[in-house]
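In: Below are the sequence and a predicted model; questions follow.
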Amino acid sequence: NAGVTQTPKFRVLKTGQSMTLLCAQDMNHEYMYWYRQDPGMGLRLIHYSVGEGTTAKGEVPDGYNVSRLKKQNFLLGLESAAPSQTSVYFCASTRHQNTEAFFGQGTRLTVV
Amino acid sequence: RKEVEQDPGPFNVPEGATVAFNCTYSNSASQSFFWYRQDCRKEPKLLMSVYSSGNEDGRFTAQLNRASQYISLLIRDSKLSDSATYLCAPRNDYKLSFGAGTTVTVRA
């Protein structure tokens, strides 16, 4: 049972570089989320998707873009990485509106 | 005002003790509520859902107070393995928000 899989698990970027984080779920969940977690800040919602082909902004969307071309995948893009984007990124999915969230193992991103 | 606020702790308790903490939420339209557990910056995992009438799961009891907009978690007979950060998560429509977490450390 893979559940929610994030790739990569670790990455170091130089300021200004771009990258894409991939989240894949095999549970046929409708809703998917990208969060970042910083010390003392908890999980902050970046973007989310309520279904294939749809995305919406969360609390901290600036500097990030997302796409959900296939139901099972939710991609998070950083167009021009900044040191302020150094964080741990978690992807999550839920089957329905009021059901529990399942999380990926996280991506530790450092921007130098 | 933050959407979800939690006492960060840490709550440092001996084995066997009872520990309880709250989480307040600002959105009165929140429809469902959850407690998640997170170990050492690993991914959060569901501890329990919180129902309007309150609910228990073994040594864990969750309560919801809609009038005052808070949820609580009580851990009885604490075990060393309960040491973790506990995140509350109210859900409003499609949006699942998280508090910053309450850290509990259980000592032998």
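Out: Thanks, I have the structure now. Just so we're clear, the structure is a prediction, and the values are computed from it rather than from any experiment.
In: who are the neighbours in contact with A:Glu52?
Out: Taking C-beta atoms under 8 Å, 6 or more residues apart in numbering or on different chains as the contact definition, A:Glu52 lies against A:Arg68, A:Leu69, A:Lys70, A:Lys71. For the C-beta atoms, the positions are set from N, CA and C on the backbone; glycine is no exception.
In: do the same with B:Asp39
Out: Per C-beta under 8 Å, 6+ apart, neighbours of B:Asp39: B:Ala84, B:Thr85.
In: any idea how far it is from B:Lys45?
Out: 8 Å (C-beta to C-beta, to the nearest Å).
In: tell me the two of the contacts of A:Glu52 that are most distant?
Out: Taking C-beta to C-beta as the measure, those span a maximum distance of 9.1 Å, between A:Leu69 and A:Lys71.
In: Looking at those two, which one has more neighbours?
Out: For A:Leu69 versus A:Lys71, the count of surrounding residues by other C-beta atoms under 10 Å in any protein chain shown is larger for A:Lys71: 16 against 9.
In: does chain A sit close to the biggest strand by length in chain B?
Out: Longest strand of chain B, by residue count under DSSP state E: strand B:84-92. Yes. Strand B:84-92 comes into contact with chain A (C-beta under 8 Å from any C-beta of the partner chain), by way of B:Leu87, B:Ala89, B:Arg91.
In: got the contact list for the first one?
Out: Residues near B:Leu87 by C-beta under 8 Å, 6+ apart: A:Gly42, A:Leu43, B:Gln6, B:Trp35, B:Tyr36, B:Arg37, B:Gln38, B:Pro44, B:Phe98, B:Gly99, B:Ala100, B:Gly101.
In: In chain A, what residue comes closest to chain B?
Out: Closest contact between chain A and chain B, by C-beta to the nearest C-beta, is at A:Gly42 (3.3 Å).
In: What about that residue, how many residues nearby?
Out: By other C-beta under 10 Å, 23 other residues sit near A:Gly42.
In: Let me know how buried the residue nearest to it when sequence neighbours are not counted is, in neighbour terms.
Out: Once flanking residues are discounted, A:Gly42 sits nearest to B:Ala100: 3.3 Å by C-beta to C-beta, 6 or more residues apart in numbering or on different chains. Per other C-beta under 10 Å, the neighbour tally for B:Ala100 reads 23.
In: Also A:Phe90?
Out: 27.
In: Report the secondary structure state of the residue nearest to A:Gly42.
Out: coil (DSSP: H, G, I helix; E, B strand; the rest coil).
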